[in-house]
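Asker: Please find the sequence and the predicted model below.
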Amino acid sequence: MSDNKAFISGGAWVPPNPPGALPLIPIQSDGDLHRAYRSLIMPYVIGKPLKSAIDSARKLAVELIEGFQGRGHCDFATDFAQHLPIQIFLDIVELPAGDRIFLSELAEVVRMPDPEVRMEAYGKMNAYIAEHVDRRIANPGDDMISRIANGQVLGRPMTRDEIIGECAQVLVGGLDTVASMMGFIAAHLAVNVPLRQRLCAEPELIEKRVDEIIRRFGVAGPARQAAMDVELDGIQVKAGDPVFVATALHGLDDQRWTNSMVVDLDRSATGTDFQTFGSGPHRCPGAALARSEIILFLEEWLKRIPDFSLVPEKPMVAASGSVTGVLSLPLQWTV
């Protein structure tokens, strides 16, 4: 992950992008171009913009939880988790909060395994973004879309495909990873009563030990392409070979972590200890944002629904790919 000389991101992707798909920016780029793309995003996912977006997402989290709390059940993935990253996207690009329902319906389809259905949804999402890109080119503001649409990389204006591709990746990237990580965490807490009870009894541990929780539930599987012949643990990787990097396996390595499958609230872990968000120049630019989302979810959910369980007759539905996604997670609790 850190060796960006031997393994590049701008080559073959696993799984391959569907024909006609826009470039995944800044993910599928390297070197100076990658740094230029990334510089357009970073000011909006740290500092005051991050705090403002999280404050808005927290209000939405409370609204959503209290909206279904009284009925004693929900689908965690579609009723809760996928809405928070969308709200944050709308905040940092300064688009109407009322667009959240439209985007959440599209997002539900975008995460499905059927490539044709997924590409159709991507087309609608890209058309939505393109409309707002045109408006921000004509009347730029201080938001992220304006910065990307009117920005330059390597001394030139970005192409239209680059602009829409980067804006779309900001939306879908946060949705896939954070919503799915929340889903796996919620499913784990639904069956691990002692862990859940301790977090409820000692809520200060949520922020203090969130990195240990994130370590356990990595979901991203970024791709690389070998730029030269490399030997890894006796395995020959040839120049041009695509490589799928399952970051979750690093967090579950029992040679690195004692009882690696266990979320140990007495274990100290920091974001530099695991690969959930990657490392090196391609470390996830939204890592701090994702971490804050996980904290607010746990704080607000456990405060209002401290006891909940899976629904035996409605098992969780997950899908693999570049992100291991939670598509459906029915939960229930006593009212």
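Answerer: Nice, I can see it.

Asker: Pull up the gap between the nearest residue to G20 once chain neighbours are set aside and H132, please.
Answerer: Closest residue to G20 apart from its sequence neighbours, by Cβ to Cβ, 6 or more residues apart in numbering: M119 at 7.0 Å. To be clear about C-beta, it is placed using only N, CA and C from the backbone, and glycine gets the same treatment. Noted for M119: a distance of 21 Å to H132, by Cβ to Cβ, to the nearest Å.

Asker: between the two, which one's more packed in?
Answerer: H132 (20 against 14; other Cβ atoms under 10 Å).

Asker: Pass me the low-pLDDT residue ranges in the stretch 101-250 of the chain, would you?
Answerer: 108-113 (pLDDT under 70).

Asker: Tell me where it has helices.
Answerer: With DSSP state H, counting those that start in this stretch as the criterion, the stretch 101-250 of the chain has helices at 115-138, 144-149, 160-191, 193-201, 204-208, 210-216, 247-251.

Asker: Any chance you could list what contacts the second one?
Answerer: Contacts with helix 144-149, where a contact means Cβ atoms under 8 Å, 6 or more residues apart in numbering, come from 40-41, 43-44, 92-95, 129, 132-133, 136-137, 140, 158, 163, 166-167, 170.

Asker: Kindly report the same for the last one.
Answerer: Counting by Cβ under 8 Å, 6+ apart, the neighbours of helix 247-251 from elsewhere in the structure are 1, 215-222, 256-257, 260, 274-278, 324.

Asker: pretty sure D273 belongs to a helix, no?
Answerer: No: under DSSP: H, G, I helix; E, B strand; the rest coil, D273 sits outside any helix and is assigned coil.

Asker: Before we move on, what's the pLDDT of it?
Answerer: For D273, the model assigns a pLDDT of 76.

Asker: Tell me how many other residues surround it.
Answerer: D273, neighbours per other Cβ under 10 Å, totals 16.

Asker: give the contact list for the nearest residue to it once chain neighbours are set aside.
Answerer: Take D273 and drop its neighbours on the chain: the residue closest to it by Cβ to Cβ, 6+ apart is R215, 7.0 Å away. Going by Cβ under 8 Å, 6+ apart, R215 touches G251, W257, A269, D273, F274, T276.

Asker: tell me the two of those that are most distant?
Answerer: W257 and T276 (12.5 Å; Cβ to Cβ).

Asker: what about the two, which has more around it?
Answerer: Comparing W257 with T276 by neighbour count (other Cβ under 10 Å), the higher total belongs to T276, at 26 against 20.

Asker: my read: the more buried one touches I213, true?
Answerer: No: between T276 and I213 there is no contact under Cβ atoms under 8 Å: 10.0 Å.

Asker: close enough to count as contact, M316 and L310?
Answerer: Yes: using Cβ under 8 Å, M316 is in contact with L310, at 7.2 Å.

Asker: Give me the common contacts of these two.
Answerer: A187, P330.

Asker: Between those two, which is the more surrounded one?
Answerer: Counted by other Cβ under 10 Å, M316 and L310 do not tie: M316 has more neighbours, with 20 against 17.

Asker: Could you identify the helix or strand that succeeds whichever strand or helix holds A61?
Answerer: According to DSSP states H and E, A61 maps onto helix 47-68. Downstream of helix 47-68, the next assigned helix or strand under DSSP H and E is strand 73-75.
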